[in-house]
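Student: Build me a model:
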Amino acid sequence: MKAEEIEGGWVFTGTWTAPERECTQYIDLLLVDNEEKALINGKSKIYISRMIRVTCSNGLYCDGVERYIRGKCVAGPDPCDDEESCTVDTCVEENGGHCIWTLKTTEECASQTCGEFKCQRDCENKECGDNGCNGICGTCAEGTICSPDFECVTANSGGIAGSCDNPYPILDAEDEFFGHHEIHASTADGVNLLAPTCNTLSDAKELIYYVTVPEGDYEYVGAVFTVSGDDYDFDAVLEVYEEKCGSASASVGCADDSTPPGFTGSRVEIDMIPGKTYYVHVDGYSATYAGPFKLYADFVEDCSPQCDGNYCKPNNCGEICFACEEGYVCSDKGRCIVEGCVPNCGEEDEYECGPDGCDGECGNGCSEGYCSYEEIDGEYTNTGVCITDPVCDNLNPVCEECSSSEYCGTDCECHDLDEVSGDLTVTIGDIGMFTETVLETSCSFVEGCSPDIGERKLMRFTVRSVNHGLDDLTIPEPKSLPAFFEFSPCHQHWHFKGYARYVLYSQSNRVIRDGGKESYCLEDSGPIYDAPYVECSPAYDCGYQGIQRGWTDEYGSVLDCQWLDVTGVPDGEYRIEVFVNNNYRIHETTIENNYATAFVSIKGDELTILDGFTSSATHACAGILATLVLLA
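Tutor: Numbering: from 1, shown residues only. I've put the predicted structure just below:
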């Protein structure tokens, strides 16, 4: 290995022989400065680890993805041929390669009479609004809204009940302003005119409410707005606007899943200014979600309630954050459980792991392995037993003997060379800098996304996982493969472990912040293509995870853990890198296109988006010498 000193550090260069199979290897180095001059980042000793992927890929996507079959690299079929006469198939090499399908403009394709369209879109004589296929016909300019006649009209032009034109009041005339208020209603009675800024793909019906803060002998009003569906079967999105209803620039808070209320409910906490009017936008995650909900509004003078992660515990304003419903009581952990709940850890408390059914855990958990479940009549039940059964090593898969036309996939299964599959790509957007307070009870701290509590500087961003492939991307039932999942007590659903990784690099490619391996709930957020095979309605959610062909899963920037904590990071220029399917646990066409980058400049609390700077590759071809450059 050779060492070369450069400005700001050292470059170490060496060669390494890749093994004769597709796999992932780690290069581990311990560098010691024997003269103790502390030349490497001010240290005389430093440990470096870098991952390198050994693959048959020739670096091109459009000529067919190469597979390793019985000692040879074999090119696969055209990755973009969807075998549909009504689409134009386009392949682009950008960011590792992906496919784009567009509908032909011929009369039979425009009328959707060719092929078997799974969704009949209707935008005839519609300037805006729902196209009947989980999409929209057009958007209206700011200051205008889409009317029930699908025309863009001025914002105060009519009397659509529950819209920005004619919002419902949160308070009746005789109500006291301060205190707790409840509204029970249904978005089925609403209309789809807006999409929340934290879920721009939503085409669900919504209702709008308003409240005007009275003048008084106080500086501000702390407010908590909370929405959840009856029996938690309504996936709610909540947004609050100041003065200007429906305007993205007037949004003072938007939430898609919050704790409390947990699961699919949402919560927004803001400080309101006396004399101003605030509009509360209750929406659904997608058109599938429309129905009964409960909206809670709590107002307190000169105090900001802090309820992040607090269910039925007190906030810092002398009240509880979220009252348990009748028949439920507050557990020691501050969550609502059934009154009189009896823990179940086996007949003789023999379970060594798993939930006890009363917000507690059985035994001491698993020091190694994971807690197992068994399937009985289609239902998975906790066995209370820790197991260490081997599971597929997706980074270094091994298959039983595959045929001469099959390759070993990252899921340790044999796949035919011509087999179609889903294919993930990823984009980053909505990048912004925020200063936020993280509490000891905050889900982000409990789940390890925040390294510390207190005031933190967070670089938030939206991540969109797009299925550009020829088939759905599916994930097994969580309890059937518990090694790959973790149950989130904060969000009350299963997360697919290690799905994404967020990293902040310096211009010299040093890791500045590693956001860790993010767990996701993969679901259908919205379609991205107009093609015969694209389904109208979502098929996957947090209960049955996956992404349909031609759909995307959007993790909005407002969600917990959608950030890199840049507290203490010095001013400068940096690269954000996001990698999805980070552990290769989902079988797909290729993982070469699973990354996205963005370039930013940090100056104090200001963030500027930049053009890119060059980054080094970390791929090698099977069976040849690979040169790896490591920057200390």
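Student: For the closest residue to residue 297 other than its chain neighbours, give its distance to residue 584.
Tutor: Closest residue in space to residue 297, ignoring its immediate chain neighbours: residue 181 at 4.5 Å, by C-beta to C-beta, 6 or more residues apart in numbering. Heads up, the C-betas are built off the backbone N, CA and C, glycines and all. Separation of residue 181 from residue 584 (C-beta to C-beta, to the nearest Å) stands at 49 Å.
Student: And the helices in the stretch 401-550 of the chain?
Tutor: 443-446 (DSSP state H, counting those that start in this stretch).
Student: Going along the chain, name the helices of the chain.
Tutor: For the chain, applying DSSP state H gives helices covering 107-110, 443-446.
Student: which residues sit in contact with the spatially most central residue of the chain?
Tutor: The centroid of the chain falls nearest to residue 555 when counting by C-alpha atoms, centre = their mean (3.0 Å). Going by C-beta atoms under 8 Å, 6 or more residues apart in numbering, residue 555 touches 462, 463, 464, 465, 520, 562.
Student: In a markdown table: these, plus distance to residue 306, pLDDT and neighbour count.
Tutor: Shown next, in a markdown table, are these (distance: C-beta to C-beta, whole Å; pLDDT from 0 to 100; neighbours: other C-beta atoms under 10 Å):
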| residue | distance to residue 306 | pLDDT | neighbour count |
| --- | --- | --- | --- |
| 462 | 25 | 91 | 20 |
| 463 | 27 | 93 | 24 |
| 464 | 31 | 93 | 22 |
| 465 | 32 | 94 | 24 |
| 520 | 27 | 82 | 22 |
| 562 | 20 | 89 | 23 |
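Student: wait, which of the residues you listed is closest to residue 218?
Tutor: Nearest to residue 218 out of the contacts of residue 555 is residue 562 (C-beta to C-beta; 33.6 Å).
Student: Contacts only, for the closest one.
Tutor: Taking C-beta under 8 Å, 6+ apart, one finds 460, 461, 462, 463, 555, 556 in contact with residue 562.
Student: will you turn those residues into TSV that also has distance to residue 508?
Tutor: Formatted as TSV, these follow (distance: C-beta to C-beta, whole Å):
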residue	distance to residue 508
460	25
461	22
462	27
463	25
555	29
556	32
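Student: of those, closest to residue 360?
Tutor: residue 555 (29.9 Å).
Student: returning to what we had before: I'd like to know which of the contacts of residue 555 are part of strands.
Tutor: 462, 463, 464, 465, 520 (DSSP state E).
Student: any idea which of those residues is the one closest to residue 383?
Tutor: residue 520 (26.1 Å).
Student: Could you report the distance from the closest one to residue 373?
Tutor: Residue 520 is 21 Å from residue 373, by C-beta to C-beta.
Student: Please apply the same query to residue 129.
Tutor: Relative to residue 373, and taking C-beta to C-beta, residue 129 is found at 45 Å.
Student: out of those two, which sits in the busier spot?
Tutor: residue 129 (23 against 20; other C-beta atoms under 10 Å).
Student: check contacts around the closest residue to the more buried one other than its chain neighbours.
Tutor: Ranked by C-beta to C-beta, 6+ apart and with sequence neighbours excluded, the top spatial neighbour of residue 129 is residue 150, at 4.2 Å. The contact partners of residue 150, by C-beta under 8 Å, 6+ apart, come to 125, 126, 127, 128, 129, 137.
Student: Check pLDDT for those and point me to the minimum.
Tutor: On pLDDT alone, residue 129 ranks lowest of the contacts of residue 150, at 76.
Student: Got the phi and psi for it?
Tutor: phi 90, psi -170 (degrees, to the nearest 10).
Student: Tally up the residues packed near residue 30, please.
Tutor: 9.
Student: Need the distance between the two termini of stretch 351-364.
Tutor: 9 Å (C-alpha to C-alpha, to the nearest Å).
Student: Quick check, pLDDT for residue 37.
Tutor: pLDDT at residue 37 comes out at 55.
Student: quick one: contacts for the closest residue to residue 298 other than its chain neighbours?
Tutor: Leaving aside its sequence neighbours, residue 298 sits nearest to residue 224 (C-beta to C-beta, 6+ apart; 4.5 Å). Contact partners of residue 224, counting by C-beta under 8 Å, 6+ apart, are 267, 268, 269, 296, 297, 298, 305, 307, 315, 321.
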